[in-house]
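Visitor: build me a model from this:
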Amino acid sequence: MKLPSIIKTPKYNRFNFEPRYYDPVKEEIEEKFRMARAKTKAGSPEKHTSSISAAFSKRQKKSSQTSTIQLVIAIALMGTFVGWLFYGNQVFYAYLLLSPLYFYWRLKNKGGRG
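Guide: Next comes the predicted model:
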């Protein structure tokens with residue numbers, strides 16, 4: 001009978017190896033099916049080029065917004081550090097006082113959009 005213990009002893013791990021086999025005929029059949037499905041779904045190649053260019057134009061718009069947000073976060077972190085060096089922990093109390101205003105502003109803007 002085993003007694004309960006706080007210390008766990010390592011259990012032996014078994015090596016389980018399952019070999020994988022490559023079947024070139026099956027691979028070729030699957031590739032032909034994939035190509036046939038792609039042809040039926042594709043329709044015309046012009047359709048794909050327009051959707052690809054639209055996807056990249058959307059991506060560029062988001063990247064400028066993302067870089068702005070990253071810049072604001074970096075400035076806020078640097079300002080916090082410099083403020084902490086000059087004023088000590090009072091900077092964190094200022095954040096506690098300003099955070100309700102920030103959340104109110106976010107809720108107000110969110111409600112105006114929807």
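Visitor: now the strands for this protein?
Guide: Counting by DSSP state E, one finds no strands in the chain.
Visitor: so where is it shaky, pLDDT-wise?
Guide: Counting by pLDDT under 70, the chain shows low-confidence ranges at 1-2, 43-64, 111-114.
Visitor: quick one, what contacts Ala38?
Guide: Contacts for Ala38 (Cβ atoms under 8 Å, 6 or more residues apart in numbering) come out as none. For glycine as for every other residue, the C-beta is placed from the backbone atoms N, C-alpha and C.
Visitor: from Glu30, how far out is it?
Guide: Using Cβ to Cβ, to the nearest Å, Ala38 is found at 13 Å from Glu30.
Visitor: could you do Phe17 as well?
Guide: For Phe17, the distance to Glu30 (Cβ to Cβ) stands at 25 Å.
Visitor: likewise for Ser67?
Guide: Distance of Ser67 to Glu30, computed by Cβ to Cβ: 42 Å.
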